[in-house]
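A.B. asks: After the sequence you'll find the predicted model.
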Amino acid sequence: MERPVSYYSEGARLSAVLYVPDGAGPSSRRPGIVLCHGFTGIKELILPHYARHFAAEGYVALAFDFMETLEQVDPERIGLWGTSYGAANVIQVAGIDPRPKCTVAQVGFGDGGRGLSRRSSEETAPIMAAISNERKQRVLTGKATMVDPFVILSDPDTVAFFREAMKELPQLKTEISLEFLEATFEYRPEDVAHRIAPRALLLIAAEFDVPAPADEFRSVHAKAGEPKKLVILEGIRHYDIYSGEPFKRSVQEALAWYGEHL
């Protein structure tokens, strides 16, 4: 069963979708999985495909946010699942919040600023100058500078994926602030990865990922404690994981991990 739900976070009312397996209820509480989407994502993109597979295997799935108040969910058995930027977020949350018992992160990053070192100075200089100028503007005027996210994530794979997705989900069209970009460069979830143990962490990377190279998760894995597992899906790029055999493999890996640790 799927149904819309809402909740409040810091005073803002947020909408979500709850995926409930047959038979779940107050007398038969199930483990719950919170799904977190990636950069500029929305709950209607990618998350439903994973949530339906999780629900079919007996998990209550929520896209998106904390679920411990739901009567169908065992509050002692909450897991996290995140993809892309959402993968970084669930690592961060698991590292600072003891409630999630099991975390699955796929095609994400451990250090948001490390990507700058992989770019040429010709690429990074204009970005850093824009951030510096915008920081001064915020202080003097209180106004943020908004930009098209594909000015930043401009690799052909990302542009092609979102261009196609926007045909069915035009609400994906958005802008981000340069302040958010600055914060991303300073975002290092891997710094708290060691605090997840003894709770379980599964990392799934794509061998030829451009937005989130597999080395990002190699670094997170090296810093995390046991139980942990790193899976690198060979021969695929970032967005390949959302369809076909790579999608099936990512679902299987996640369900096996939840089955063992959640």
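C.D. replies: Yep, that arrived.

A.B. asks: Just give the number of residues close to A16.
C.D. replies: The tally of other residues near A16 (other C-beta atoms under 10 Å) stands at 18. Where you see a C-beta, it was placed from the backbone N, CA and C, and this is true even at glycine.

A.B. asks: For it, which three-state class applies?
C.D. replies: With DSSP: H, G, I helix; E, B strand; the rest coil as the basis, A16 sits in strand.

A.B. asks: Please tell me how far it sits from L233.
C.D. replies: Here the distance between A16 and L233 works out to 28 Å (C-beta to C-beta, to the nearest Å).

A.B. asks: what does V5 give?
C.D. replies: If you go by C-beta to C-beta, the gap between V5 and L233 works out to 32 Å.

A.B. asks: the more surrounded of the two?
C.D. replies: L233 (22 against 13).

A.B. asks: Could you double-check that R195 sits in contact with V93?
C.D. replies: No: with contact defined as C-beta atoms under 8 Å, R195 does not reach V93; the gap is 11.0 Å.

A.B. asks: So if I had to pick from the two, which one is more boxed in?
C.D. replies: Each of R195 and V93 had its neighbours counted (other C-beta under 10 Å), and the higher figure belongs to V93 (20 against 15).

A.B. asks: Could I get the contacting residues of the more buried one?
C.D. replies: V93 sits next to L80, P100 when contact means C-beta atoms under 8 Å, 6 or more residues apart in numbering.

A.B. asks: Identify each buried residue in the host helix or strand of it, please.
C.D. replies: When secondary structure is defined using DSSP states H and E, the element that contains V93 is helix 85-96. Within helix 85-96, the residues that count as buried by 16 or more other C-beta atoms under 10 Å are Y85, G86, A87, A88, N89, V90, I91, Q92, V93, A94, G95.

A.B. asks: dump the residue contacts of the fifth one.
C.D. replies: Contact criterion C-beta under 8 Å, 6+ apart gives C36, G82, P189 as the residues in contact with N89.

A.B. asks: Show the residue spans covered by the helices in this structure.
C.D. replies: All helices of the chain, identified by DSSP state H, fall at 47-56, 85-96, 114-117, 121-141, 156-168, 178-185, 214-223, 244-261.

A.B. asks: For V107, find the nearest of the ones you listed.
C.D. replies: helix 85-96 (6.3 Å; C-beta to C-beta).

A.B. asks: roughly how far out does the closest one sit from the chain middle?
C.D. replies: When C-alpha coordinates are averaged (C-alpha atoms, centre = their mean, to the nearest Å), helix 85-96 and its chain have centres 7 Å apart.

A.B. asks: Next: stretch 145-162.
C.D. replies: Per C-alpha atoms, centre = their mean, the centroid offset for stretch 145-162 relative to its chain is 17 Å.

A.B. asks: Can you give me the buried ones in stretch 135-153?
C.D. replies: In stretch 135-153, counting by 16+ other C-beta under 10 Å, buried: R138, T145, V147, P149, L153.
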